[in-house]
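In: sharing a sequence plus its predicted fold:
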Amino acid sequence: MADDDHTPISAQQARQLFADWRDAQAVVLAVSGGPDSLALMWLAARWRKALRRGPQILVITVDHGLRPEAAREARDVKRHAAELGLPHRTLRWRGDKPTTGLPAAARDARYQLLARAARAAGASHILTAHTQDDQAETLLMRMSRGSGIAGLAAMARQTERHGVIIARPLLEVSKARLVATLAKAGLDFVSDPSNVDPRYARPRWRSLIAAFAEEGLDARNLARLSARLARANAALDVVTDGAERFLALRDHDPARPGFEASAFAALPAEVQVRLLLRTIDRVGHEGPAELGKVETLVAEIDRAAAENAKSPSKIALKRTLAGALITLGRDRLRIEPAPPRRGSRR
């Protein structure tokens, strides 16, 4: 949306934001009571009311049991939902909480609870209130961790998780616009103090974006970069699919694991990395391979192939990674399940 960042979202714009889910049987709205999710609920209710036929909407609030105010905030969401004619449920994260990695654990627990409730209600989608600001923060956080192109594409508009689709209709909308929308509607909201708690990574990055914006690196430009990287990532996936089919066609014996070494060597480096990564993940038995380790392995394969061209040997390189055995021979790069480690049980 090209409007000014502080412009309330109109009814027409709300229809555009939620149009993808018009034909769903039912959807769940994840609403905490903060400005983003409260705006999501208000806009979704307005959108649904304008439709002759559309999905059933169920509002769900997850009380993580981490703050005494959370129960009251859930009741406030229930009251707002009732005013909008929407059914509401509060789910609670019970049991012991971890002393480290709390935000990630809470997030995973939240999605599991939401997904279970969505499936029980016959809902195919969970709509969350992730915004353009959240996308910018996610990009910066992943940059700091050394993510590749796929990671820097950040959050997609829709992703599958726990058997349901997580949908993010507000991903191109700034938080400022949502706050302006609530102000126009006369709705009060709560602010979770953990959102500004410097003990957690995301609030620290959030505080830095204001400084970055002084140099033009604002949330809108960061989110635009993320969208461009998502587009590039999708294109590279298509190229990698084609490369995989091409290598398979060159094989006279498709049952042999791996690829023709010379054909693999002729591929662009990024396609080599992606192809090796997906193949290791497919045949390995120790979980997904780390991107950095696969990049190192590709460089080792390139060096070993160059040395093998000068002085041929039966096995130029042998490595194990993520439960896969990678062997470079005279004319073939083999990728197959690695033997079990000594003392391990499978």
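Out: Looks like it came in fine.

In: could you pull out the strands for the stretch 1-150 of the chain?
Out: In the stretch 1-150 of the chain, the strands defined using DSSP state E, counting those that start in this stretch lie at 26-30, 56-63, 88-92, 125-127.

In: and Arg334, how many neighbours?
Out: Neighbour count for Arg334, taken as other C-beta atoms under 10 Å: 17. In this view, the C-beta of every residue, glycine as well, is placed from N, C-alpha and C.

In: and if you look at Lys310?
Out: 6.

In: who does the closest residue to Ala338 other than its chain neighbours form a beta bridge with?
Out: Nearest non-adjacent residue to Ala338, counting by C-beta to C-beta, 6 or more residues apart in numbering: Leu325, 4.1 Å away. Per DSSP bridges, the residues bridged to Leu325 are Thr320, Glu336.

In: the residue nearest to Thr128 when sequence neighbours are not counted and Pro339, how far apart?
Out: Nearest residue to Thr128 in three dimensions, chain neighbours excluded: Ala30, at 4.9 Å (C-beta to C-beta, 6+ apart). Plainly put, Ala30 is 45 Å away from Pro339 if you go by C-beta to C-beta, to the nearest Å.

In: quick one, what contacts Gln16?
Out: With contact taken as C-beta atoms under 8 Å, 6 or more residues apart in numbering, Gln16 is in contact with no other residue.

In: let the chain start at 41 from now.
Out: In the new count, where the first residue is 41, that last one comes out as Gln56.

In: per-residue pLDDT of it, please?
Out: Gln56 carries a pLDDT score of 96 in this model.

In: got it, and Leu142?
Out: Note for Leu142: predicted pLDDT of 89.

In: number of nearby residues for Gly324?
Out: With other C-beta under 10 Å as criterion, Gly324 counts 21.

In: do the same with the one 4 residues further on
Out: The number of residues packed near Pro328 is 12, by other C-beta under 10 Å.

In: and Ala70 and Pro379? Which one has more around it.
Out: Using other C-beta under 10 Å as the criterion, Ala70 and Pro379 rank with Ala70 on top: 23 against 10.

In: partner residues bridging the more buried one?
Out: As assigned using DSSP bridges, the partners bridged with Ala70 are Ile100.

In: wait, it touches Leu167, no?
Out: Yes. Counting by C-beta atoms under 8 Å, Ala70 does reach Leu167; the two are 6.9 Å apart.

In: return stretch 167-185 as CSV; C-alpha atoms alone will do.
Out: Provided in CSV are the C-alpha atoms of stretch 167-185 (Å, rounded to 0.1, in the frame of the first residue of the first chain):
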residue,chain,number,x,y,z
LEU,A,167,-4.5,-15.2,10.7
THR,A,168,-1.8,-13.4,12.6
ALA,A,169,-1.1,-9.7,12.9
HIS,A,170,2.6,-9.6,11.7
THR,A,171,3.3,-6.2,10.2
GLN,A,172,5.8,-4.5,7.9
ASP,A,173,7.7,-3.5,11.1
ASP,A,174,7.9,-7.2,12.2
GLN,A,175,9.2,-8.1,8.7
ALA,A,176,11.9,-5.5,8.9
GLU,A,177,13.0,-6.7,12.4
THR,A,178,13.0,-10.4,11.2
LEU,A,179,15.2,-9.5,8.3
LEU,A,180,17.8,-7.7,10.5
MET,A,181,17.8,-10.5,13.1
ARG,A,182,18.4,-13.1,10.4
MET,A,183,21.1,-10.9,8.8
SER,A,184,22.9,-10.9,12.2
ARG,A,185,22.8,-14.7,12.2
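
In: for it, what is the average pLDDT?
Out: Here stretch 167-185 scores 95 as its mean pLDDT.

In: just want to check the distance between His325 and Phe299.
Out: 20 Å.

In: out of these two, which sits in the busier spot?
Out: Phe299 (25 against 12).

In: that one: what's its closest spatial neighbour, skipping adjacent residues?
Out: Per C-beta to C-beta, 6+ apart, closest to Phe299 is Leu287, 4.6 Å.

In: mind listing what that neighbour touches?
Out: Phe299, Glu300, Ala303, Phe304, Leu315.

In: restricted to buried residues, select these in ChimeraX.
Out: Buried residues among the contacts of Leu287 (16 or more other C-beta atoms under 10 Å), as a ChimeraX selection:
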select :299,300,303,304,315
